[in-house]
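> Need a 3D model of the following:
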Amino acid sequence: MKKIGAYEPLTLLQTAGSGSARWCIVRRGQRRFFLKEFLSPVYPAENANPVLREKQLARCRRFEEKKRRLYSAMSCVIGDTLVPVTDFFRFGLHYYAVSEEIPEPRLTGESAVETLPMEDKREILLSLALCLQRLHLQGIVHADLKPEHVLLRKGELGYEARLIDLDSGFLADDPPAPGGDTEGDPVYLAPETFLRMAGEQADMDPAIDTFAFGAILHRMWTGALPETEAPYLYEAALEKQPIRISNQLPPAYEQAVRRMLDAEATHRPSDGELVKLFSQPFERGEKPPLTGEPLNGLSRFFRGTEKA
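Numbering: from 1, shown residues only. This is a model prediction of the structure:
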């Protein structure tokens, strides 16, 4: 396989996520990396129509500027919060982002997330809340938060979450244009993200990550998403349909999820509120509630396939 810039591909390029990118494992020297190829925008050829070429060049310049600002901000996020982008470049007609290759997370001694003790679940939620708080303090919105984009490992001090795949991410002061290149998994999509995708002037800020976090919390604790008549949570929220939160959640968490899934972004809890909530240990002897549909392992939950 031919080199992509300075990187030697070790696997074939595979389509990722929504189909807007492809990825493969590459090597540079003795180190292995994860490389992502963006399928859009495409850099125009030299012999392209001059008028169309200039328009496409302008789009490429905007894309490159946004990505470089985002990746620069990511490098300032404190702690082991995310997997940073180590290289960003154009090669031929496409742009590429490179990050450290992270092996599939594995846990020993635990077979499924719903069987974990309540304290372990709380620890996971706290770690994820801290990740989002640190990200948002740098003005970064993940914009595609879902289980596949959270790595989890168990260290000496407990569970630690790391965020990956910020390709849909943006800086809060520079959100995607209405009807522009906005993406996201509909399962975890916030109402305002959908409205923005539809061309409306809806605000997009860190609260969209809070909405997704609410859905993740519910699924992690109960094994299922909240029940709705609509196909997706964002639709139920926009149409003011009931969103049925499981009573399997501890009361404080049940209330938090209700707020996190509120159609009005300003009604959702702040990062600080969630960090404070998940920092509070459960009382000794308190038994975990019964759980719902089982999941086949914690790593599958955080990296598994979502429903269509």
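> what residue ranges in the stretch 101-250 of the chain are flagged as low confidence?
Residues of the stretch 101-250 of the chain meeting the criterion pLDDT under 70: 104-114.
> can you map out the helices along it?
118-137, 191-197, 207-222, 233-238 (DSSP state H, counting those that start in this stretch).
> when you compare where the first one runs with where helix 207-222 runs, what's the angle?
Read it as helix 118-137. Counting by axes from the mean of the first three to the mean of the last three CA atoms, to 10 degrees, helix 118-137 lies at 170 degrees to helix 207-222.
> Can you give me the buried ones in helix 118-137?
The neighbour-count check on helix 118-137 (16 or more other CB atoms under 10 Å) flags 118, 120-136 as buried. From N, CA and C alone the C-beta is placed, and that goes for glycine too.
> so Tyr64 is in which element?
Careful, residue 64 is Glu; it's not Tyr. helix 50-74 (DSSP states H and E).
> Next, format the helices of the stretch 101-250 of the chain as JSON lines and append distance to Leu166.
Shown next, in JSON lines, are the helices of the stretch 101-250 of the chain (distance: least, CB to CB, whole Å):
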{"stretch": "helix 118-137", "distance to Leu166": "8"}
{"stretch": "helix 191-197", "distance to Leu166": "15"}
{"stretch": "helix 207-222", "distance to Leu166": "11"}
{"stretch": "helix 233-238", "distance to Leu166": "20"}
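> so which of these gets nearest Lys66?
helix 191-197 (15.5 Å; CB to CB).
> Please give the centre-to-centre distance between that closest one and its chain.
16 Å (CA atoms, centre = their mean, to the nearest Å).
> Show me what it is packed against.
helix 207-222, helix 233-238 (3 or more CB pairs under 8 Å, 6 or more residues apart in numbering; DSSP states H and E).
> any chance of those helices in CSV, plus distance to Val42 and mean neighbour count?
Below are the helices and strands packed on helix 191-197 laid out as CSV (distance: least, CB to CB, whole Å; neighbours: other CB atoms under 10 Å):
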stretch, distance to Val42, mean neighbour count
helix 207-222, 28, 25
helix 233-238, 30, 21
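> want to throw those helices into a markdown table with distance to Ser270?
Shown next, in a markdown table, are those (distance: least, CB to CB, whole Å):
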| stretch | distance to Ser270 |
| --- | --- |
| helix 207-222 | 8 |
| helix 233-238 | 19 |
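> among those helices, which is nearest Leu189?
Leu189 lies closest to helix 233-238 among those, at 4.8 Å (CB to CB).
> If I take the helix holding Glu64 and helix 118-137, what angle do their directions form?
Using the same axes, to 10 degrees: helix 50-74 against helix 118-137 is 130 degrees.
> List the buried residues in helix 50-74.
56, 59-60, 63-64, 66-67, 69-71, 73-74.
> which helices and strands does the following helix or strand past it pack with?
Using DSSP H and E, the helix or strand that follows helix 50-74 in sequence is strand 85-91. When contacts are defined as 3+ CB pairs under 8 Å, 6+ apart, strand 85-91 packs onto helix 50-74, strand 94-100.
> so how far is the shortest one from its chain's centroid?
This points to strand 94-100. Distance, centroid of strand 94-100 to centroid of chain: 17 Å (CA atoms, centre = their mean).
> what's it packed up against?
Where contact means 3+ CB pairs under 8 Å, 6+ apart, strand 94-100 is packed against strand 31-38, helix 50-74, strand 85-91.
> could you say what helices and strands the second one packs with?
Which is helix 50-74. strand 85-91, strand 94-100, strand 140-141, strand 170-171.
> and Asp167, how many neighbours?
Asp167 has 21 neighbours, counted by other CB atoms under 10 Å.
> can you check Gly223 too?
18.
> next one: phi and psi at it?
According to degrees, to the nearest 10, the main-chain angles of Gly223 amount to phi 90, psi 0.
> thought Val26 was touching Glu37?
No - using CB atoms under 8 Å, Val26 is not in contact with Glu37, being 10.6 Å away.
> Closest to the mean position in the protein, which residue would that be?
Of all residues in the chain, the one closest to the mean position by CA atoms, centre = their mean is Leu145, 2.4 Å from it.
> ok, now how distant is it from Leu137?
Computed as CB to CB, to the nearest Å, the Leu145 to Leu137 distance reads 16 Å.
> Same question for Ile124.
21 Å.
> can you check Gly179 too?
Distance, Gly179 to Leu137, using CB to CB: 29 Å.
> Let me know how buried Ala230 is, in neighbour terms.
14.
> do you know how far Trp221 is from Pro84?
30 Å.
> Now the common contact residues for Val26 and Glu37.
Common neighbours of Val26 and Glu37, using CB atoms under 8 Å, 6 or more residues apart in numbering, are Ile4.
> Between those two, which is the more surrounded one?
Val26 (23 against 18).
> Thanks a lot, see you next time.
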